[in-house]
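> what's the 3D shape of this:
(2 chains, ligands or ions: 1)
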Amino acid sequence: MNRQSLSRHFRQFLPRTSVIDQVESLRAYECDGLSAYRQLPLLVVLPETVEQVRRALRVCRELRVPVVSRGAGTGLSGGALPHAQGIVLSLAKMNQVLEIDPINRTARVQPGVRNLAISEAVKHLGLFYAPDPSSQIACSIGGNVAENAGGVHCLKYGLTVHNIAGLKIATIDGDLVTLGGAALDSAGFDLLALMVGSEGMLAVVVEVTVKLLPCPESASVLLGAFNAVENAADSVASVIAAGIIPAGVEMMDNPAIRAAEDFAGAGYPRDAEAILLCELDGAEGDVGEQVGQVREILRRHGAAHIRVAADPVERARLWSGRKGAFPAIGRISPDYYCIDGTIPRRHLGRVLTEIGRLSGEYGLRVANVFHAGDGNLHPLILYDAARPGELQRTEELGARILELCIEVGGTITGEHGVGVEKIGSMCVQFHPAERAQFHAVREAFDPGRLLNPGKAIPTLARCAEHNAMHVHRGRTRFPDIERF
Amino acid sequence: MPDHTEQRLQQAVQEAHRNTQPLNIIGGGSKAFYGREATGMPLHTAAHRGVVRYDPAELVLSARAGTTVAEVEALLGKENQMLGFEPPRFGRETATLGGMVAAGLAGPRRPYAGAVRDFVLGVKILNGKGEIMRFGGEVMKNVAGFDLARLMAGAMGALGVVLEISLRIIPQPPVEKTLVLEHPQHAAAIALFNRLAARPLPLSAAAWHAGETRLRLSGGAEGVKRAAEAVGGEEDVAGGQFWQRLRDHELPFFQDQRELLRVSAPPAAELGALDAPQLVDWGGAQRWLVGGADGEAVRALVARHGGHVTRFRHGDRRSAIFQPLAAPLHALHLRLKRAFDPAGILNPGRLYRDW
Ligand SMILES: Cc1cc2nc3c(=O)[nH]c(=O)nc-3n(C[C@H](O)[C@H](O)[C@H](O)COP(=O)(O)OP(=O)(O)OC[C@H]3O[C@@H](n4cnc5c(N)ncnc54)[C@H](O)[C@@H]3O)c2cc1C
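Okay, here's the model as predicted:
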């Protein structure tokens, strides 16, 4: 199918501004947040209504044209990377909050609404939408659903899957299907849970009903600085073992601390090996008591320095370093590559030591920023794409780190998704029957495999190729730890 | 170490798949009454038991499907932890984790803490071909592959025989207090539940029956004390017992031998009197009706409000126990069922007549 003739099919029912077929304009869509992968699509189509989405899907099914859904394009795994023979279906024009129901505490929104816009729209009611990815000013709720996005506060408030009450989806046949709603459950299988995190491969999300929570009465943030990463990790375990679930617990190692401090001036001690940021929220008196308990735990684990934010201004300042960690790293290195593995927290010390060793082996610097409460690591590999072979070495190091995560009983992705980026690592995490089951589920929705083909679930052939290339590393599995 | 009970289950499913022999998967039998009539050869999972791993500081527990809920709760209790969704055991010590996940039912804490599916982190299952597979894992955040682990919650065994489960655990709240207030009409209680839920109060259960409203507060001492002042009413010192009996359907309301309907609706939905004795739970989002009500008429009404109705107990088990699904949704279910169980041998007909 060529660009011009395909374009005519969509122009029959879409306004001129909703079909992009000029190469210069298509460039804006050639990659998502993982810019190492680029591909021009045949077309970009930007429907404005659910009806237009359904018609666009019917056209694609009829002509057997691949469809890559796209929200804001902030994804970090190449999930929205275009297909050379396909269209990009951008939901960006469907960006309205449709209805706020303060009594049932839900909001019905279109998929292109930005994450932060939801909390802003309900702020006057004392409510908020809990999942808060660092990209929340930009990323769309549709993209959050497709990736099961997390955020700094998901230890206490859950991931996207815990905060979505209902979805409307358009299938590749153009059918509109409602899953869930404002009730707490629905009849039949939990397709709502299945849709969340399905990376645009099962259906297109055209409407989202989100749950809204009351804003906590008060919040407090502690900063703890440590001379050893292990001590910081151990204190997180102790806080949780004491029955305290912080709203968020974030950790950074020394290279990340220095970069963040230079960038944001958050007041982090530059010589610490690790810092911990711990936010507690709830009723005022209880928060005060928990701050005391956490302070004591940090001290017991040898914190060299502890600070409690006295007011909202200082709280925001303490967070600013963590929130700006990615751009901060961007300033000290031409390029960086973000890894997203998750591990059981008890293995944190061992995994960080091994990452340090691998960093030496590959001659690439690594800065660690992570969601310490739930074991979600974000090692940032610093590299320079202009140097021949360096991106490839970086990707290889990334794959080694992910294998390490699998070995200790973790997973290759906690919140960024598999996309194109980690498709090889899927061959390590899942065995052939499991992968075949994923394909069967996908074909139950999309028998022609037109929705986001080539992403997330590797084919048998892809894994055969991957395993042939990587056999030399099959040896390191820890036999005592199950892969689970 | 070979896992004999797992091997036996696998062989049984493989053989059933070869012979197209329907199976009736049975854990502890505590939910044998639930769903459409079970047919097929019994497949017992209770012998496949034992906690595999429990690390309180990780807030994760993994156990084989035949492990009893009672055993798990006792273990968690020793560490001041618990299952956040308060799964009903219906008075049976035998209730298993596998059945708990398959039925997907949750107790009074559900609206405030989450459902079974919200706590499922990973599963090991046998699909309908007898293949052993693991989905999800033992970590809180995991988006590798489709979320087929949560999909098992509430699937009534139609997609797989659950062999092992990893669950997220939560700490027990330091303080719990139950308040009782009087509301002759349930509508006033429901309005109160929704007003309170929009404020940052440590609510953990809210129910109404026969003129009495009960609210449970859980959290730190200070927050509970201040919330109790805001709510008013009297303290119910036997509150703990009340919630247990509600959770397990041991209150007199549930002893009625006539048909029991479960209404799941948006919490503030105004459904009217519904012409039947009513017990409101989940802050209004779950309402139980006993006897008298015309099930299909209630179904139509509730559907208009965006909810659904289950003919929970003492109904005609050859009829539509669960709310019928819209055509495209039903077609999706059928294809998904075939994707896991091509021969249609896992609990066929337990959820819907034709699959
Ligand atoms: C600086 C930075 C910080 C970040 N921090 C976080 C973080 O803290 N936590 C976190 O979880 N992520 C984070 N991310 C990653 C990213 O923002 C999230 O994955 C986000 O959910 C993607 O949303 P999007 O709208 O940009 O989706 P896109 O990138 O456009 O798409 C992502 C995937 O979703 C699919 N998709 C999009 N819309 C739909 C739809 N309507 N229907 C079906 N499929 C659809 C696409 O096909 C693609 O596979 C960060 C990214 C950046 C750049």
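> hmm, who's touching the helix or strand hosting residue A:285?
Residue A:285 belongs to helix A:284-300 when elements are defined using DSSP states H and E. By Cβ atoms under 8 Å, 6 or more residues apart in numbering or on different chains, the residues outside helix A:284-300 that reach it are A:217-220, A:222, A:224, A:235, A:238-239, A:242, A:244, A:246, A:276, A:278, A:280-282, A:306, A:308, B:219-223, B:226. C-beta coordinates here come from the backbone N, C-alpha and C atoms, glycine included.
> Quick check: the most centrally placed residue in chain B vs chain A, distance?
Residue closest to the mean C-alpha point of chain B, counted by Cα atoms, centre = their mean, is residue B:105 at 1.0 Å. Distance from residue B:105 to chain A, counting by Cβ to the nearest Cβ, to the nearest Å: 10 Å.
> Can you give me the distance of that residue to residue B:118?
For residue B:105, the distance to residue B:118 (Cβ to Cβ, to the nearest Å) stands at 13 Å.
> what's the pLDDT at residue A:465?
Predicted confidence (pLDDT) at residue A:465: the value is 86.
> Which parts of chain A belong to which domain?
As given by automatic domain parsing, the domain ranges for chain A are A:3-90, A:97-214, A:218-327, A:334-472.
> Can you say which of those is packed in most?
Neighbour counts (mean count of other Cβ atoms under 10 Å in any protein chain shown) averaged over each of the domains of chain A peak at domain A:97-214, with a mean of 22.
> Just checking that one against the ligand, any contact.
Yes. Domain A:97-214 comes into contact with the ligand (Cβ under 6 Å from any ligand atom), by way of A:111, A:133-135, A:139-140, A:142-144, A:146-147, A:149-151, A:199-200, A:204-205.
> Return only those of those found close to chain B.
Checking the residues of domain A:97-214 next to the ligand against chain B by Cβ under 8 Å from any Cβ of the partner chain, the ones in range are A:147, A:150.
> in the stretch 1-150 of chain A, which spans are strands?
A:19-20, A:43-45, A:67-70, A:87-90, A:97-101, A:106-109, A:127-128 (DSSP state E, counting those that start in this stretch).
> could I get these as JSON lines with mean pLDDT?
Shown next, in JSON lines, are the strands of the stretch 1-150 of chain A (pLDDT from 0 to 100):
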{"stretch": "strand A:19-20", "mean pLDDT": "98"}
{"stretch": "strand A:43-45", "mean pLDDT": "98"}
{"stretch": "strand A:67-70", "mean pLDDT": "98"}
{"stretch": "strand A:87-90", "mean pLDDT": "98"}
{"stretch": "strand A:97-101", "mean pLDDT": "98"}
{"stretch": "strand A:106-109", "mean pLDDT": "98"}
{"stretch": "strand A:127-128", "mean pLDDT": "98"}
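> Now render those strands as a markdown table, adding distance to residue B:136.
A markdown table is the format used below for the strands of the stretch 1-150 of chain A (distance: least, Cβ to Cβ, whole Å):
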| stretch | distance to residue B:136 |
| --- | --- |
| strand A:19-20 | 38 |
| strand A:43-45 | 34 |
| strand A:67-70 | 24 |
| strand A:87-90 | 29 |
| strand A:97-101 | 31 |
| strand A:106-109 | 27 |
| strand A:127-128 | 28 |
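> Could you say which one of the ones you listed comes nearest to chain B?
Comparing the strands of the stretch 1-150 of chain A by their distance to chain B (Cβ to the nearest Cβ), the top pick is strand A:127-128, with 6.8 Å.
> For that closest one, enumerate the helices and strands it packs against.
Packing partners of strand A:127-128 (3 or more Cβ pairs under 8 Å, 6 or more residues apart in numbering or on different chains; DSSP states H and E): strand A:213-214.
> ok, back up a step: so the residue nearest to the centre of chain B sits in a strand?
No. Under DSSP: H, G, I helix; E, B strand; the rest coil, residue B:105 sits outside any strand and is assigned coil.
> Report pLDDT for the closest residue to it other than its chain neighbours.
Among residues not flanking residue B:105 along the chain, residue B:88 sits closest, at 5.3 Å (Cβ to Cβ, 6 or more residues apart in numbering or on different chains). Looking at residue B:88, its pLDDT reads 97.
> list the contacts for residue B:88?
Residues counted as contacts of residue B:88 (Cβ under 8 Å, 6+ apart) are B:95, B:105-107, B:247-249.
> Which one of these is nearest to the ligand?
residue B:106 (26.5 Å; Cβ to the nearest ligand atom).
> Can you tell me, leaving aside adjacent residues, what's nearest to the closest one?
Nearest non-adjacent residue to residue B:106 (Cβ to Cβ, 6+ apart): residue B:85, at 4.0 Å.
> I'd say that neighbour and residue B:111 touch.
No. The pair residue B:85 / residue B:111 is not scored as a contact, 10.4 Å apart, by Cβ atoms under 8 Å.
> Domain map for chain B?
B:4-171, B:175-313.
> most packed of the ones you listed?
domain B:4-171 (a mean of 21).
> Quick check: residue A:441 is in a helix.
Yes. Looking at residue A:441 with three-state DSSP, it is inside a helix.
> CA atoms of the helix or strand following the helix holding residue A:285 as CSV?
Counting by DSSP H and E, the next helix or strand C-terminal to helix A:284-300 is strand A:305-308. Below are the C-alpha coordinates for strand A:305-308, written out as CSV (Å, rounded to 0.1, in the frame of the first residue of the first chain):
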residue,chain,number,x,y,z
HIS,A,305,22.6,12.8,58.2
ILE,A,306,18.8,13.1,58.6
ARG,A,307,16.6,16.0,57.7
VAL,A,308,12.9,16.5,57.9
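> Check which helices and strands strand A:305-308 sits against.
If contacts are counted by 3+ Cβ pairs under 8 Å, 6+ apart, strand A:305-308 sits against strand A:218-226, helix A:284-300.
> Hmm, residue A:31 is touching residue A:81, no?
Yes. In this structure, residue A:31 is within contact of residue A:81 by Cβ under 8 Å, at 6.4 Å.
> what touches both of those two?
Going by Cβ under 8 Å, 6+ apart, residues that sit against residue A:31 and also against residue A:81 are A:37-39.
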